[in-house]
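Engineer: Please work out how this folds:
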Amino acid sequence: MLGTANLSEVENILATVSKKNGHQMFLQHMSSFSEFFLNIVSLGEDIEETFGLRAAPQVLPPISFTILNSYIYHKEHSDRVYHDELNNIQFPINELKNHPILNFQFPVLNNKKNTIATISHNTKVPKETIRKWINQWVKLGIIYKDKDIGLAFNFDSAFKEKLFFKYNTNFMNRISKNWSALIDSLIVQGFLKDEHQLPKINFKNMSELYYIQNLAIQHWYYLLSLTYIQSSNYVTYNEACILSSALFFYGDKTTDFASEQSDLYAAKILRPVNVSSISESTAIPLETVRRSIGKMIKKNLLRKENNDIYVTDLVLGKTEIKMASNVGLTFLHDLLNIACIMHTSPD
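Structural biologist: Numbers count the residues shown, from 1 in each chain. Predicted coordinates:
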């Protein structure tokens, strides 16, 4: 099973695959990206409806950055209520401190407070937008003002009251299935071995300690993903979600994706989509999807034939995309690290 003992081995193997196969790995992961931000399990619960069907990009950074600061502070200060629990979980503090690309500056590491200004500085979201969503989180009791931390995460709301528990555990199940399918595909194609499979976990029956660990990892994933998108300067968050929806694979055909196919649509590996299906699967309003698709066609990310929408050769990797090798390898490391920790129980 994939774990800390063989994580480096898997990373080294995948770092040596060809650009073509590496690009295919990315597309398989990207095809489920949009699902990770959907609040579909929480319909009917008034508190969670405050944030809509989709976890919008400017809603997540304030809570994600605050959660990570709070985790770090509780781990490093023995007088904190959750200090002992957090010292028993796997949590990549050194990854947070020393990320080679994203360069987050967590104020609690320097005995400073987490504020609207520090969140805005690190996430590049305007202060007034941060303030708006922080006020919403404070009203719900998820964030409060702590004399030492500043804006802090209310652990009790998550662990004792289990607020957002359905949404969080469903996110974990969805992302686990996505990664398991990707790794199984790589095993079928001969890149990895059976021993590299991810363990099957029912996240709804996790222990409290396991949930504490994976909640942190989940928000680490959110923050990384949103910041990678932001730093790309090529696609917006909505466009990334639409692109994810447009990468519609036929069933388990992803296992054949590495074969030599001149036309993935003709080979029935990918299938075209339409505006309505994208809107439905992403929970992005129809008119917003329509406008975004127009912009993405101009960017050569999508093409349209009658009512059918296809991804372009640029997306499929047939047209060369310039990306620094360290960015691709760092992204690979981040994904493998998150997958490994999320599937390793601290108990």
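
Engineer: what's the domain layout of this structure?
Structural biologist: Following automatic domain parsing, one finds the domains of the chain at 7-21+35-232+325-342, 237-316.

Engineer: Make CSV from those and add distance to Leu27 and mean pLDDT to it.
Structural biologist: All C-beta atoms are positioned from the backbone trio N, CA, C, and that covers glycine. Below are those laid out as CSV (distance: least, C-beta to C-beta, whole Å; pLDDT from 0 to 100):
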stretch, distance to Leu27, mean pLDDT
domain 7-21+35-232+325-342, 10, 86
domain 237-316, 6, 87
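
Engineer: and the residue sitting furthest away from the middle of the chain, what are its phi and psi?
Structural biologist: Of all residues in the chain, Asn306 sits farthest from the chain's C-alpha centroid, using C-alpha atoms, centre = their mean; the distance is 32.7 Å. Main-chain torsions, Asn306, degrees, to the nearest 10: phi 60, psi -120.

Engineer: Could you check how far it is from Ser18?
Structural biologist: Distance, Asn306 to Ser18, by C-beta to C-beta, to the nearest Å: 35 Å.

Engineer: repeat for His343
Structural biologist: 27 Å.

Engineer: repeat for His77
Structural biologist: Counting by C-beta to C-beta, the gap from His77 to Ser18 is 47 Å.

Engineer: returning to what we had before: more neighbours, His343 and Ser18?
Structural biologist: Shown here are His343 and Ser18; by other C-beta atoms under 10 Å, His343 has more neighbours (21 against 9).

Engineer: pretty sure the more buried one contacts Gln197?
Structural biologist: No. Assessed by C-beta atoms under 8 Å, His343 is found out of contact with Gln197, at 9.9 Å.

Engineer: which residues do those two both contact?
Structural biologist: Residues within reach of His343 and of Gln197 at once, by C-beta atoms under 8 Å, 6 or more residues apart in numbering, are Met1, Leu2.

Engineer: ok so Leu186 is a strand residue?
Structural biologist: No. Under DSSP: H, G, I helix; E, B strand; the rest coil, Leu186 sits outside any strand and is assigned helix.

Engineer: count of neighbours near it?
Structural biologist: Neighbours of Leu186 using other C-beta under 10 Å come to 23.

Engineer: wait, isn't it in contact with Met25?
Structural biologist: Yes. Leu186 is within contact range of Met25, at 7.1 Å (criterion: C-beta under 8 Å).

Engineer: Now for these two: what residues contact both?
Structural biologist: By the contact definition C-beta under 8 Å, 6+ apart, Leu186 and Met25 are jointly contacted by Leu14.

Engineer: can you give me the strands for the chain?
Structural biologist: Counting by DSSP state E, the chain has strands at residues 143-146, 150-153, 248-249, 270-271, 302-305, 308-311.

Engineer: and among those strands, the most buried is which?
Structural biologist: Mean neighbour count (mean count of other C-beta atoms under 10 Å) peaks for strand 150-153 among the strands of the chain, with a mean of 24.

Engineer: Output that one as PDB, restricted to C-alpha atoms.
Structural biologist: The C-alpha coordinates for strand 150-153 follow below in PDB (Å, rounded to 0.1, in the frame of the first residue of the first chain):
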ATOM      1  CA  GLY A 150      -5.800  36.500  16.200                       C
ATOM      2  CA  LEU A 151      -8.300  35.000  13.900                       C
ATOM      3  CA  ALA A 152      -8.500  31.400  15.000                       C
ATOM      4  CA  PHE A 153     -10.400  28.200  14.000                       C
END
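
Engineer: elements contacting that strand?
Structural biologist: Under the contact criterion of 3 or more C-beta pairs under 8 Å, 6 or more residues apart in numbering; DSSP states H and E, strand 150-153 touches helix 60-76, helix 116-123, strand 143-146.

Engineer: in the second one, what counts as buried?
Structural biologist: For helix 116-123, the neighbour count (16 or more other C-beta atoms under 10 Å) marks Ile116, Thr118, Ile119, Ser120, His121, Asn122, Thr123 as buried.

Engineer: ok, those vs Asn98, which is closest?
Structural biologist: Asn122 (14.9 Å; C-beta to C-beta).

Engineer: Would you check that that closest one makes contact with Phe65?
Structural biologist: Yes. Under the criterion of C-beta under 8 Å, Asn122 makes contact with Phe65 at 6.0 Å.

Engineer: overlap in contacts of the two?
Structural biologist: Phe104.

Engineer: just the helices in the stretch 201-347 of the chain please.
Structural biologist: 208-232, 237-246, 275-282, 286-298, 313-316, 325-342 (DSSP state H, counting those that start in this stretch).
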